[in-house]
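> Just the structure for this:
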Amino acid sequence: MLIQRLLKKQQVTLAELTEQSRLQNEQLQANSQRLTHHIRTFMGSTPGLVMSFGLGCLFQLRHNSTVKLVRSLFGLRWITKL
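Numbers count the residues shown, from 1 in each chain. So this is what the prediction gives:
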């Protein structure tokens, strides 16, 4: 009798946790889809295209000593802000 009650209690807890996990997964998937949509919208806009072009140019110059210096300076500022 006691074992059956404990098993029933565990089954109820398991069902609740399963439902909670399912809801969290649905929310995560919806948020992921929304984020993907916003990113695609931004990348198709003028500021997104400008940013993409600028990053592409910087990527081409990644071995340039001036670009390395600027990158290291901004990196140090970012680290010191933490």
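> For the rest of this, base every contact and every neighbour count on C-alpha atoms.
Noted.
> name the helices or strands packed onto the biggest helix by length in the chain?
The single longest helix within the chain, with elements called by DSSP state H, is helix 2-44. Counting contacts by 3 or more CA pairs under 8 Å, 6 or more residues apart in numbering; DSSP states H and E, helix 2-44 packs against helix 46-60.
> What lies in contact with the helix it packs on?
Helix 46-60 has contacts (CA atoms under 8 Å, 6 or more residues apart in numbering) with Phe42, Met43, Val67.
> circling back to that earlier point, could you give the separation of the longest helix of the chain from the chain centroid?
Computed by CA atoms, centre = their mean, to the nearest Å, the separation of helix 2-44 from the middle of its chain amounts to 17 Å.
> What average pLDDT does that helix get?
The average pLDDT within helix 2-44 is 94.
> circling back: buried only: go through the contacts of helix 46-60 for me.
Buried members of these, counted by 16 or more other CA atoms under 10 Å: none.
> would you list the residues you listed in CSV and tack on distance to Arg22?
As requested, the contacts of helix 46-60 are exported to CSV (distance: CA to CA, whole Å):
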residue, distance to Arg22
Phe42, 30
Met43, 31
Val67, 47
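> Please identify which of those residues is nearest to Leu14.
Leu14 lies nearest to Phe42 out of the contacts of helix 46-60, by CA to CA, at 41.5 Å.
> Relative to Gly44, how far out is His38?
10 Å (CA to CA, to the nearest Å).
> Please report how far His37 lies from Leu55.
Counting by CA to CA, the gap from His37 to Leu55 is 21 Å.
> list the buried ones in stretch 32-42?
Residues of stretch 32-42 classed as buried: none (neighbour count, 16+ other CA under 10 Å).
> where's Arg62, which helix or strand?
Under the criterion DSSP states H and E, no helix or strand holds Arg62.
> you'd agree it is up against Lys68?
Yes: using CA atoms under 8 Å, Arg62 is in contact with Lys68, at 6.8 Å.
> circling back: and which of the contacts of helix 46-60 is nearest to Ala30?
When these are compared for distance to Ala30 (CA to CA), Phe42 wins out at 18.3 Å.
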